[in-house]
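Engineer: Sharing a sequence plus its predicted fold:
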Amino acid sequence: FASSLLYLPALASQLWPNAKWLQKIQPYLHQDNPWHMGIFFVFIIFFTYFYVAITFNPTEVADNMKKYGGFIPGIRPGRPTAEYLDYVLTRITTPGALYLGLVALIPMIAFALLNATQNFPFGGTSILIVVGVGLDTVKQIESQLQQRNYEGFLR
């Protein structure tokens, strides 16, 4: 979402090349511009929190836990559980969002330092996909080895 939103002014400048306000922001639309990188980083953090807020509802989880007899030791069921889940979720999401933002910035910073062209097919999303596939592959190998009573793949 972040890269799509940042692409909209560049698209608008191609559709309306005579618009003066688009000509003024044209230098800031390049990925090697520090303003572009900063806005991209902020957008990634925002959309990480937005996605977490949409997919995980602490109040609903707390109600389901209470309904089915589950609880968190030391936390009362109901509203205190929802507040605790929200607190933990925020503490987990913050470093995750910062990590995602930094990983997404690595290629932009590398391109800016190496003066590479923007046509190089490499980006932060590619890094995240490769790491995710690698971790999933290791998990699958571990589960196969454990089923066959081996100690482990990486130990």
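Structural biologist: Received it, and whenever you're ready, just let me know what you need.
Engineer: how is this structure carved up into domains?
Structural biologist: Structural domains assigned to the chain are 1-119, 121-154, following the TED database.
Engineer: any chance of the ones you listed in JSON lines, with mean neighbour count and mean pLDDT too?
Structural biologist: Quick note: C-beta positions are derived from backbone N, CA and C, even for glycine. What follows is the domains of the chain, written out as JSON lines (neighbours: other Cβ atoms under 10 Å; pLDDT from 0 to 100):
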{"stretch": "domain 1-119", "mean neighbour count": "14", "mean pLDDT": "86"}
{"stretch": "domain 121-154", "mean neighbour count": "11", "mean pLDDT": "77"}
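Engineer: just checking, what packs against the longest helix anywhere in the chain?
Structural biologist: Longest helix of the chain, by residue count under DSSP state H: helix 79-114. Secondary-structure packing of helix 79-114 (3 or more Cβ pairs under 8 Å, 6 or more residues apart in numbering; DSSP states H and E): helix 34-55, helix 58-67, helix 124-147.
Engineer: will you turn these into CSV that also has distance to Arg91?
Structural biologist: Listed next are the helices and strands packed on helix 79-114 as CSV, based on distance: least, Cβ to Cβ, whole Å:
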stretch, distance to Arg91
helix 34-55, 12
helix 58-67, 13
helix 124-147, 22
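Engineer: of all those helices, which lies closest to Ala97?
Structural biologist: Closest of the helices and strands packed on helix 79-114 to Ala97 is helix 34-55, at 3.8 Å (criterion: Cβ to Cβ).
Engineer: ok, so what distance separates Met65 from Thr93?
Structural biologist: Look at Met65 and Thr93: by Cβ to Cβ, to the nearest Å, they are 20 Å apart.
Engineer: Actually, Leu128.
Structural biologist: Taking Cβ to Cβ, one finds Leu128 at 16 Å from Thr93.
Engineer: what about the residue sitting nearest the centre point of the chain, distance to Tyr51?
Structural biologist: Among the residues of the chain, the one closest to the centroid is Leu100, at 4.4 Å (Cα atoms, centre = their mean). Separation of Leu100 from Tyr51 (Cβ to Cβ) stands at 10 Å.
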